[in-house]
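Q: My questions concern the predicted model and sequence given below.
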Amino acid sequence: MTDTVLLAIDGPRATITLNDPAKHNRLNTEGLGKMRAAIEKADAHPDVRVTVLTGAGEKTFCSGYDLGSIPSGKEARPSSETHKDSFETVMDRLEAMRMPTLCALNGGVYGGATDMALACDFRLGVKGMRFFMPAARFGLHYYPSGLRRYTQKVSPSFAKRAFLLSEDFTDTNLLAVGYLDWLVERSEFNSKIDEISNRLATLAPLSMVNMKRAIEQFAQAEPDIPAIRQNMRECATSEDLREGLAALRERRQPDFKGR
Amino acid sequence: MTDTVLLAIDGPRATITLNDPAKHNRLNTEGLGKMRAAIEKADAHPDVRVTVLTGAGEKTFCSGYDLGSIPSGKEARPSSETHKDSFETVMDRLEAMRMPTLCALNGGVYGGATDMALACDFRLGVKGMRFFMPAARFGLHYYPSGLRRYTQKVSPSFAKRAFLLSEDFTDTNLLAVGYLDWLVERSEFNSKIDEISNRLATLAPLSMVNMKRAIEQFAQAEPDIPAIRQNMRECATSEDLREGLAALRERRQPDFKGR
Amino acid sequence: MTDTVLLAIDGPRATITLNDPAKHNRLNTEGLGKMRAAIEKADAHPDVRVTVLTGAGEKTFCSGYDLGSIPSGKEARPSSETHKDSFETVMDRLEAMRMPTLCALNGGVYGGATDMALACDFRLGVKGMRFFMPAARFGLHYYPSGLRRYTQKVSPSFAKRAFLLSEDFTDTNLLAVGYLDWLVERSEFNSKIDEISNRLATLAPLSMVNMKRAIEQFAQAEPDIPAIRQNMRECATSEDLREGLAALRERRQPDFKGR
């Protein structure tokens, strides 16, 4: 039996693949547990400098959470909302990964998967992909951190169009409103993933880890300035900075160790 | 005598029309009182799922507040700044409407009317429309909630271009900077209003009301997470969610009751 | 010997020119001191209504801070991070200028200069210009206020693309993501500077000064509402507002005094 969530670590790059194309790479509770495990493994691996999240097939990146798993009415179990493999908790864990993350949207993105992409640092789309968030079509209220990500990482207007109007977005719309960072033809999709991943793999890890955290704090209007200054000093006295400046002088590629 | 502010309620849709085209649909204190009354009536009406705000005529949506009514010098009455029919208070009341609001900009938008549009959830523009905010041309300082809306709902850059430079914006500029959500030809204007309104009318009211409030809180960086979680639980156990999921299974349109 | 930072005050317009084109208008500690002095002089001058910041030559606006001046390893002097002529301190001083500021990007913008542009209110680019932020290429951690400006004044996505991925941006990318407010051909560059500066020079100073401060506060999610209301009352009773409304009635150009 094939696994529905795959993790491959190839040198500095981890790739998490949602691998259930017959079901539009939809996630159920079991899949969420596998995804959390893959995230934690990639995040703890000392070689990993970038994690790519993508889906199998050419039709759909992911159609979100299996609606059959959504509790409603008598079956609602509010106490389980924040259990460790809830959709919200796993997306928050993805957002908290130390090193940069790239969501490579190989096809359409729907429901909770639209927030999965926002929990990554970068979003690459493929021409022809589509997007919608059906919460208001069923009567669902989305969880707080997802509403926050839409509002802070794209814009309040986009959050309203997606959640209140449940608008269908086309590929070029998604680029125009800032949901996608890049939009490429399918023939260029894999080479663009390589280009972005390879670049991230060569940059200074300590610098990326700490600046990622600082940017997240500013995005949430809760910067911890003393901690940011401490991280800044740590980078200023790091082996990596000495190596980076030496490589610049010597016109060669730096070899960063992350310390 | 024709009324300068019209309210029409047609099933789930309320339409507020600024109806003084000879005066560019400008509002004076009396008009603001009428507008507040219309907003409150639409907001309290149990059938209303979406409120459309538009202007009569094809030239101007609204040219803002009647400058002759602006107090200056000896006539300035600071105590009246926040009285219940001040421009600021009425715009804040519009922003606080429970259900989604669509500003249908049938023509140019100037002065305080530019903020009226931002106090709505969605902005639909018509090709050829223009925009400017003349506050700095006269020496006015705009009220705080208007400066907030520009900054948080579009961007600090747009707020500076509009308020500090008093820049004239064209229709395509307004779309590019994110002030407009959609820009259509005049021949498609009414059908686009219908499309958006009809969709909003079919979605789950409880879900829209609560997510609207949460998105506003995140936009203002003041989320009340426990209250958002409580609203989320309310939706999760609502009749609406059961109806929504049943309709999905039965491949039919849901019939939401808002409870 | 030619000075590396020039200040020219011509009526209401101050122009600060980075004037070391052979070195890509790069700044060292001495240049930063000269820049701070120019900023303070322009900011204190009673006639100045707008400050234009630009670079000499057609190739580069500024390539940032002289990397040879960056402390690393044993030479790191954390205590000097916030001394009065540090890059961070001078950029913060630029951002705090009372009247509007225009960054006229006459060519490429790299490193710390990308933040210098964000510390200005408006950014005008010239076709063909390029942009990158190399911090993560060397292992540097950028200072907090720069990370804040990127995140709050453009977007979290742009901050991540610039700092974490160290992406190379083209002129049209910079316009699309909202880093540039305007992008013009080189043949139109000077006339666009004049157009923007001349307009700012005619607008009401008290209104611009106070609204600039309020917009900055909202951008940082720390508005001082009572102070904003007080400034609003000050404008409402100002000579400038009386002059502005009189000029409107009399169909003439207003002559503002800033009081």
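A: Alright, I've got the coordinates. Everything numeric here is computed off the predicted structure, so don't read it as measured data.

Q: which stretches of the stretch 101-250 of chain A form strands?
A: A:101-105, A:108-110, A:122-126, A:130-132, A:169-170, A:182-184 (DSSP state E, counting those that start in this stretch).

Q: show me what contacts the residue nearest to A:M35 when sequence neighbours are not counted?
A: With sequence-adjacent residues excluded and distances taken as C-beta to C-beta, 6 or more residues apart in numbering or on different chains, A:M35 is closest to A:V5, at 5.2 Å. Backbone N, C-alpha and C define where each C-beta goes, glycine included. Neighbour list for A:V5: A:I16, A:T17, A:L18, A:N19, A:G31, A:K34, A:M35, A:A38 [criterion: C-beta atoms under 8 Å, 6 or more residues apart in numbering or on different chains].

Q: Most neighbours among these, which one?
A: Each of the contacts of A:V5 was scored by neighbours using other C-beta atoms under 10 Å in any protein chain shown; the highest score is A:L18's, at 28 neighbours.

Q: from memory that residue sits against A:H24, does it?
A: No - A:L18 sits out of contact with A:H24 when judged by C-beta atoms under 8 Å, with a separation of 9.3 Å.

Q: how about the residue nearest to A:M35, phi and psi?
A: In terms of degrees, to the nearest 10, the main-chain angles of A:V5 are phi -130, psi 120.

Q: any idea how far B:G244 is from it?
A: Separation of A:V5 from B:G244 (C-beta to C-beta, to the nearest Å) stands at 28 Å.

Q: related to what we said a few turns ago, what is the residue nearest to A:M35 paired to in the beta sheet?
A: Each beta-bridge partner of A:V5 is listed here, defined by DSSP bridges: A:L18.

Q: Tell me the predicted confidence for it.
A: You'll see A:V5 listed with a pLDDT of 97.

Q: on that earlier part again, spit out the residues that contact A:L18 and A:H24 alike.
A: Listed contacts common to A:L18 and A:H24 are A:C62; contacts here mean C-beta under 8 Å, 6+ apart.

Q: tell me the most buried of the strands of the stretch 101-250 of chain A?
A: Looking across the strands of the stretch 101-250 of chain A with neighbours counted as mean count of other C-beta atoms under 10 Å in any protein chain shown, the highest average goes to strand A:101-105: a mean of 27.

Q: count of neighbours near the residue nearest to A:P156 when sequence neighbours are not counted?
A: Nearest-residue entry for A:P156: B:A219, 4.0 Å, with adjacent residues in sequence omitted and distances by C-beta to C-beta, 6+ apart. Residue crowding around B:A219 was assessed by other C-beta under 10 Å; the count is 22.

Q: do the same with A:A44
A: Look at A:A44: counted by other C-beta under 10 Å, it has 9 neighbours.

Q: of all the strands of the stretch 101-250 of chain A, which lies closest to B:D255?
A: Across the strands of the stretch 101-250 of chain A, B:D255 has its closest neighbour in strand A:130-132 (21.1 Å, C-beta to C-beta).

Q: Just give me how far the closest one sits from the chain centre.
A: Taking C-alpha atoms, centre = their mean, to the nearest Å, one finds strand A:130-132 lying 17 Å from the centre of the chain it belongs to.
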